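> Sequence first, predicted coordinates after that:
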Amino acid sequence: MTYNILLTGVGGEGVLVTSVILAKAANLDGYEVRGTQLHGLAQRGGSIPTHLRLGKKVYSPIIPRSEADLILGLEPIEAARACFYAGSHKTNFIIDTYPLRPIYADLLGQKYPSNESISKMIEPFAKKLIMVDASNICYKKLGNPIFGNVMCVGVALANDMLPISEKNVLRSLKEIVPRGLEKNLKAFRMGMDFKG
Amino acid sequence: MENPEVLGKEGKRVVLLGNEAIARGAMESGVGVVACYPGTPSSEVPMTLSDVAQETKSLYFEWSTNEKVAYEVCAGAAWSGVRALTAMKHFGLNVAADSFFPVIFTGVKGGFVVVVADDPLGHSSAQSEQDTRFYYRMGKVPCLEPSDTQESKDLTKLAFEISERYEIPVVLRITTMVSHSAGTVKLGKIRKPKTTGKFVKDLKRYYNIRPNLQVLHAKLIEKLDKIEKEYGMRLNRIEGRGSLGIITSGVSYQYVKELGRLSNVKIAKLNLTHPISKAFVSKFLKGLKTVIVVEELEPVVENFVREVAKDVNSGLKIHGKDIMSRVGEYTPDSVLQAVAPILKLRKPDFRRHDQDLKKIKIPVRKPVFCPGCPHRSTFYAVRKVMGDNVVWAGDVGCYVLGIFEPFEMQDFMISMGASLGLTHGIKKVSKQKAVVFIGDSTFFHNGMPGLVNMARHGTKPLVMIMDNGITAMTGHQPHPGTEIDGMGIRRKPILIEDVARSFGIKNVRVVNAFDQKSLQSAIRELSKKDELCVIVSRGLCRLVMKRNVRAQGGTLTKFKVVNNQSINCKELVKKFACPAMVMKGGKVFIREDVCLGCGVCMQLAGKGDISPIVKGKKEKE
Ligand SMILES: Cc1ncc(C[n+]2csc(CCOP(=O)(O)OP(=O)(O)O)c2C)c(N)n1
Ligand code: SF4
Ligand code: SF4
């Protein structure tokens, strides 16, 4: 069986690095890993969905429609945008509720939806939906919202939504984000302890 | 090193990006010279090898001025017996084409691999949607196509082997979903590069004038035949058995495999897609009732299959572009939808899913200039001074983002450097005012001939050269105006103003892109002149600035709104559109975590509206 993870968010939020951390951990666990890591325009505040698939033998780097097992949304509306890959038969969502308003919302007069309406939109696609104010909590407790991604990984692990060993996630974290490791580990712990 | 796993030990299983796997494959082949011009989705091949060159000092690396030059540098090294690699995006091959073809005629001595990345759907390219596979047929050059990360590495090695055996450049063609897919790779042994060689004169080889030109041409055809014979059967493979067949290659193979276990279906996977082995395809087609060719973009393999089928299986039903698009990219879903009726597969019912998707109403998110980007400041100043009634000539770089609101100042965008020639043409037949926007890397790449042509023929647009000190769009690579080169060596930057003045252009002005007052006054003055004028708007890419400041242990000064009711500030949110400036409940704020401290908003706002945060909180990772 292939386990399908879709990570999404806005350029600069750490979507790519999160996917690298998880891919490395999964590899250490002995999975075959496959996925996409699109670079390019995403750097300039665009939305970036990154696919990651784990299994004994994996083929397509892209997740087939409605087959995601986990959608980790580092930004709420980007999580909603990823629903193409979700289905209520299997998809768990973990969403960081820290909003990054696209400037076009202001320029074109489009409304940024509330958390309630976002969860309403996502409900038909979700087996389970966990909203966590990760970036804000990290901002308050660690002084920087940037650790929100790692906190979300902790939440996923604690809720059995990631079939990767904690040991290897920690090892992977150590190798990939040695700078600021202490705060990353704290963010990870806060995620593991999070009660949704 | 972005990903240290690239340097991992032999036998280790690691996760690499397709492009990193190609770089590793080159290292396992003992590549001695790598010369490239960046272009997504191929850029991580050279970026990785640049890191390797700096770290190990074992090979020569350079960021060349453009793809043609890069290709020539590699060919020269390969002629001299050193293994060489260049990598480019599909459009890069258009630029390199003039030298691409003749070097295939002369052949090479050291292995020469040309990595070309196509980008169906245009994840990271505008301009056009292009299938480079036609080039390999026209040029008579072998082409290998990997389907995943492991194959990206392994076929790179094989490409070097074929290249050296047959003394011919070999293309490794990838697409975005291969180059930017990550996957598990088993590493092989890194080979110590040979970096010195010798050019040996040889008229039989390099004399490409008739009648020897025809001798070379005949030899080339012979080489290609031999390669087809030797590798055609070995490199391609057949899986399964049945009376239905699928022929596929590249990432499409993965989408076919994603269909699951198929009964009565056999699959031909092509790794060598030029020359396609006639023997292999004939063998595969014999006894089939129906065949489906699954390939993105043009029906290149399909047309070949049709030809072969005439001889070996004339009753064969052939599907390809009749059921799948020539436009855009395939996905596991689009392939399933297309082949399901023929293979009698169950199609999932997504009617409900479609309805639910329609109910999702969220704001669009288009890419924007980073906070503190020098280009935003330049566009703003030009608009402010020159108004709306101007032809805005666009070019290729981060500044294409000026196409979106609130600027909408890229009326067209054709190819690197084209802004100049196009504007010259417009100005020759029209009295309209025109401004050219071209970046520094693009200026060196292919902008110089356009500017020479303008200087020579006396057109008078205002040319804004947006010098942010780097090739930003593709991931921040150095160019001839950058101080540190691809080997990490300090060089004297070539200054754009010196180049422009050397063309005899009198009005060349250098302005600080973050200083609105000087910028606006230079534009005001020069846009009135009835002469060709060049303004070099110079300001470092803010992301590079942030990286540099951090590397030195410093922090950028952030800004805050003091008067958050100010009409000026509200205007700026709309007209300047820095993502750090947001409206909340009718008030304007600057998000400290997003602001990159360029200070331009403060210059544009009313007096005292915005101020620097004196004791800025330390930014930490
Ligand atoms: C022939 C060709 N090669 C490469 C590219 C990829 N590419 C797009 S923008 C760009 C560089 C732009 O650099 P610069 O002009 O300095 O603008 P910046 O992004 O730094 O603002 C490149 C290399 C391309 N589009 N066409
Ligand atoms: S990467 Fe640099 S040049 Fe490109 S938008 Fe960001 S700040 Fe501007
Ligand atoms: S100083 Fe102003 S314009 Fe510059 S990044 Fe900060 S908020 Fe944006």
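Nice, thanks for sending it over. Ligands and ions are numbered 1, 2, ... in the order given.
> C-alpha from now on. contacts and neighbour counts both.
OK.
> Tell me if I'm right that B:G81 and B:G107 touch.
No - look at B:G81 against B:G107 with CA atoms under 8 Å: they stay out of range, at 11.4 Å.
> From B:K584, how far out is A:L107?
14 Å (CA to CA, to the nearest Å).
> So which of these two has more stuff around it?
The neighbour count for A:L107 versus B:K584, taken as other CA atoms under 10 Å in any protein chain shown, is higher for A:L107 (14 against 9).
> what's the spacing between the spatially most central residue of chain A and ligand 1?
Against the mean C-alpha coordinate of chain A, by CA atoms, centre = their mean, the closest residue is A:L72 at 2.8 Å. Noted for A:L72: a distance of 30 Å to ligand 1, by CA to the nearest ligand atom, to the nearest Å.
> For residue 45, give me its contacts.
No chain was given, so I picked chain A. Counting by CA atoms under 8 Å, 6 or more residues apart in numbering or on different chains, A:G45 touches A:V10, A:G11, A:G12, B:K366, B:P367, B:V368, B:F369, B:C370.
> Sorry, I should have been clearer: chain B.
By CA under 8 Å, 6+ apart, the neighbours of B:V45 are B:N19, B:E20, B:I22, B:A23, B:A87.
> Keep only those of these that are in strands.
Applying DSSP state E to the contacts of B:V45, the entries found in strands are B:A87.
> which among the contacts of B:V45 end up buried?
Buried by 16 or more other CA atoms under 10 Å in any protein chain shown: B:N19, B:E20, B:I22, B:A23, B:A87, out of the contacts of B:V45.
> Could you provide the residues you listed in TSV, with additional columns for pLDDT and distance to A:F84?
Below are the buried ones among the contacts of B:V45 laid out as TSV (pLDDT from 0 to 100; distance: CA to CA, whole Å):
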residue	pLDDT	distance to A:F84
B:N19	98	28
B:E20	98	29
B:I22	98	32
B:A23	98	34
B:A87	98	34
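> Can you give me every residue that contacts A:A86?
A:R65, A:S66, A:E67, A:A68, A:D69, A:I71, A:F125, A:A126.
> 10 Å instead, please
With contacts taken as CA atoms under 10 Å, 6 or more residues apart in numbering or on different chains, A:A86 has the following neighbours: A:6, A:63-71, A:80, A:92-93, A:122, A:124-127, B:353.
> Flag the least confident of the contacts of A:G45.
The member of the contacts of A:G45 with the lowest pLDDT is A:G12, and it reads 77.
> circling back to that earlier point, I'd like to know which of the contacts of A:A86 are part of helices.
Among those, DSSP state H puts A:A80, A:I122, B:H353 in helices.
> so who does the second one touch?
With contacts taken as CA under 10 Å, 6+ apart, A:I122 has the following neighbours: A:77, A:79-83, A:86-88, A:93, A:116, A:128-129, B:356-357, B:359-360.
> and the residue lying closest to B:K492 once chain neighbours are set aside, what is it in contact with?
Residue nearest to B:K492 in three dimensions, not counting chain neighbours: B:E483, with 6.2 Å by CA to CA, 6 or more residues apart in numbering or on different chains. Shown in contact with B:E483 (CA under 10 Å, 6+ apart): B:G469, B:I470, B:I489, B:R490, B:R491, B:K492, B:P493, B:I494.
> Could you rerun that using 8 Å?
Applying CA under 8 Å, 6+ apart, the residues contacting B:E483 are B:R490, B:R491, B:K492, B:P493.
> same deal with A:V155?
With CA under 8 Å, 6+ apart, A:V155 has these contacts: A:I94, A:F188, A:G191, A:M192, A:D193, A:F194.
> nearest residue to the last one other than its sequence neighbours?
So the one you mean is A:F194. A:V155 (6.4 Å).
> on that earlier part again, for PyMOL, write a command that selects the buried ones of the contacts of A:A86.
Buried residues within the contacts of A:A86, by 16+ other CA under 10 Å, are selected in PyMOL with:
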select buried, (chain A and resi 6+63+64+65+66+67+68+69+70+71+80+92+93+122+124+125+126+127) or (chain B and resi 353)
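> For the lowest-mean-pLDDT helix or strand in chain B, enumerate the helices and strands it packs against.
When the helices and strands of chain B are scored by mean pLDDT, DSSP states H and E, strand B:581-584 comes last with a mean of 87. For strand B:581-584, the packing partners by 3 or more CA pairs under 8 Å, 6 or more residues apart in numbering or on different chains; DSSP states H and E come out as helix B:567-575, strand B:587-590.
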